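K.L.:
I would like the atomic coordinates for the input below:
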Amino acid sequence: MSNDEPKDMFETNLAEMLRRAAPKTDAASDKRLEDAVLKAAADRRRARRARRRFLWPIFAGAAAAAGVVAFLAYHGQSGAIRKAGEVKAVYGIVTVANGSAPQEVSGTVTLADGQRIRTMWGSQAEIALADGSVLRAGPHTVLAAGDTPGGFKLTLEQGALSVSASKQAEGRSLRIETPGAWIRVLGTKLDVFVTGANSLTKTEVCVNSGRVEITSAGKSLVLTPNINAVVYKGKPPVLRLVTPEIDELSRLAALAGIPAAPQGASCLRSAIVDFAPDGAADVWLAMEIANGTRAPVASWAFTGVRPFSGARAYSVEGLLLPVRVKDAAVEVDLGSQPVEPGKTSTVVLRLSGVEGLCDKRQDGLVIFDAASNGAASGTVVEFRLPEGARLVSVSPAPVETRDQNGRQVIIVAADARSIDVLR
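P.N.:
Predicted coordinates for the structure are as follows:
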């Protein structure tokens, strides 16, 4: 045994281990081996104990510092918020949430990565993304924004979204996911509308400038200005030109021989009501604006009498006119084509997702019941029924009927009051 240290539990265990592990030898050899190993262990322990008196305070300080650094690093990482951009309530009630109770936006607030934005009816939000893109969310819209290595991803659950996308860095693109489509944007301006629910969810993309790629049901289309796309959930996208509706509205007015608007008054010349399977409708209106004043008219305002998800306006040449929507009020900027004194000008208005035009019965019958020709100014209306819909009855007798891509189209002469969507 070692003469420098008393025998302790460590040495007892070590000696026992040596006796069991070593092969059988004589007693003298066992004793010499045991003493040699225990002495070496004792020398090593004394050297470590001498160093420990000097190293422990240093090691303890280093351990404490490492603990602080680790804590600060961890705390900083967990407390850091990845900033996706900023959100501002333009008017009305706008909320943001991220797995917790929604918080109402007051002024401009930071938008964290993945936060959900919701606008209430009659509200609008402006979102400035960190990549320089600017978004406008219309009333009754729900979306979320997340930054990914491939660019920002916007998830639009419902509502209307206007996008002014910044030029994207190489390898990045702004992407928009709706319940029925994927949209890829590379520096452009566009509007996206999501209406309906479940299998009747409809996504519509309207391109103002640049190029947009839309994908659904394994099929992709590239959109350019004046070419829109409509996607129903689970179906491939369908292209729609803006100008055909404008041309059709002019044809309808000529078909019925509708006179020009009276001096100083404005009137509805023709309309297209494009019904979706859920009963909502996109309504196109050719409004003749008459200027009975002595000064040019540079704007036209109206109020929607039924809920709608979005509004767009065009000249008869197909030029997109700026539109400002606040609550149910819509103002069309005619600054680029003002109406001169004593003159008239036609503005084509499109209201998306108009609700309440029809009564839906439990037996599946959808009824549109409105005034026909009467004392008020007349107009002509083209009704586009959903695919698969069957016409039961119509009064008065249609001016024209036709089949268009599997959808029944009925044109009737009507009272201008029959399309009760604005005042």
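K.L.:
how does this structure divide up, domain by domain?
P.N.:
9-79, 83-236, 242-418 (automatic domain parsing).
K.L.:
just the terminal-to-terminal distance for the last one.
P.N.:
If I follow you right, that is domain 242-418. With C-alpha to C-alpha, to the nearest Å as the measure, the ends of domain 242-418 fall 24 Å from one another.
K.L.:
distance from that domain to the middle of the chain?
P.N.:
Counting by C-alpha atoms, centre = their mean, to the nearest Å, domain 242-418 is centred 27 Å from the centre of its parent chain.
K.L.:
give the rounded mean pLDDT of it.
P.N.:
Averaged across domain 242-418, pLDDT comes to 84.
K.L.:
just the second one next, same as before
P.N.:
Mean pLDDT, computed over domain 83-236, is 90.
K.L.:
and the domains of the chain as JSON lines, adding mean neighbour count?
P.N.:
The way it works is simple: take the backbone N, C-alpha and C, and place the C-beta from them, glycine included. JSON lines is the format used below for the domains of the chain (neighbours: other C-beta atoms under 10 Å):
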{"stretch": "domain 9-79", "mean neighbour count": "11"}
{"stretch": "domain 83-236", "mean neighbour count": "18"}
{"stretch": "domain 242-418", "mean neighbour count": "17"}
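K.L.:
what's the longest strand in this structure?
P.N.:
Among the segments of the chain that qualify as a strand by DSSP state E, the longest is strand 151-164.
K.L.:
residues in contact with the following helix or strand past it?
P.N.:
Elements were assigned by DSSP states H and E; along the chain past strand 151-164, the next helix or strand is strand 174-177. Outside strand 174-177, the residues within contact range by C-beta atoms under 8 Å, 6 or more residues apart in numbering are 129, 131, 133, 150-156, 161, 163, 165, 168, 182-186, 192.
K.L.:
strand 174-177 pairs with which strands, parallel or anti?
P.N.:
strand 151-164 (parallel), strand 182-185 (antiparallel) (DSSP bridges).
K.L.:
got the end-to-end distance for stretch 333-345?
P.N.:
Termini of stretch 333-345 sit 13 Å apart (C-alpha to C-alpha).
K.L.:
quick one: contacts of it?
P.N.:
260-261, 263, 288-300, 315, 319, 321-324, 347.
K.L.:
if we go to 10 Å?
P.N.:
For stretch 333-345, the external contacting residues (C-beta atoms under 10 Å, 6 or more residues apart in numbering) are 260-267, 287-300, 313, 315-317, 319-324, 346-347.
K.L.:
so which of those residues sit within strands?
P.N.:
267, 287-290, 299-300, 313, 315, 320-321, 323-324, 346-347.
K.L.:
and Glu86, which of the three is it?
P.N.:
strand (DSSP: H, G, I helix; E, B strand; the rest coil).
K.L.:
my guess is it meets Gly132, correct?
P.N.:
No - in this structure Glu86 lies outside contact range of Gly132 using C-beta atoms under 10 Å: 11.9 Å.
K.L.:
check contacts around the residue nearest in space to the middle of the chain.
P.N.:
When C-alpha atoms, centre = their mean is applied to the chain, the residue found nearest the centroid is Leu156 (2.6 Å). Counting by C-beta under 10 Å, 6+ apart, Leu156 makes contact with 135, 137, 141-144, 163, 176-179, 181, 183, 192-194, 203.
K.L.:
likewise for Gly171?
P.N.:
Pro149, Gly150, Gly151.
K.L.:
any idea how far the second one lies from Arg175?
P.N.:
The reference is to Gly150. 8 Å (C-beta to C-beta, to the nearest Å).
K.L.:
which neighbours do the two have in common?
P.N.:
Common contacts of Gly150 and Arg175 (C-beta under 10 Å, 6+ apart): Arg184.
K.L.:
for Gly356, which non-adjacent residue is spatially closest?
P.N.:
Nearest residue to Gly356 in three dimensions, chain neighbours excluded: Arg306, at 4.7 Å (C-beta to C-beta, 6 or more residues apart in numbering).
K.L.:
show the contacting residues for that neighbour.
P.N.:
Neighbouring residues of Arg306 by C-beta under 10 Å, 6+ apart: 280-281, 283, 328, 351, 353-357, 420-422.
K.L.:
Ala137 too?
P.N.:
87, 90, 94, 117-119, 123-127, 143, 154, 156, 159-162.
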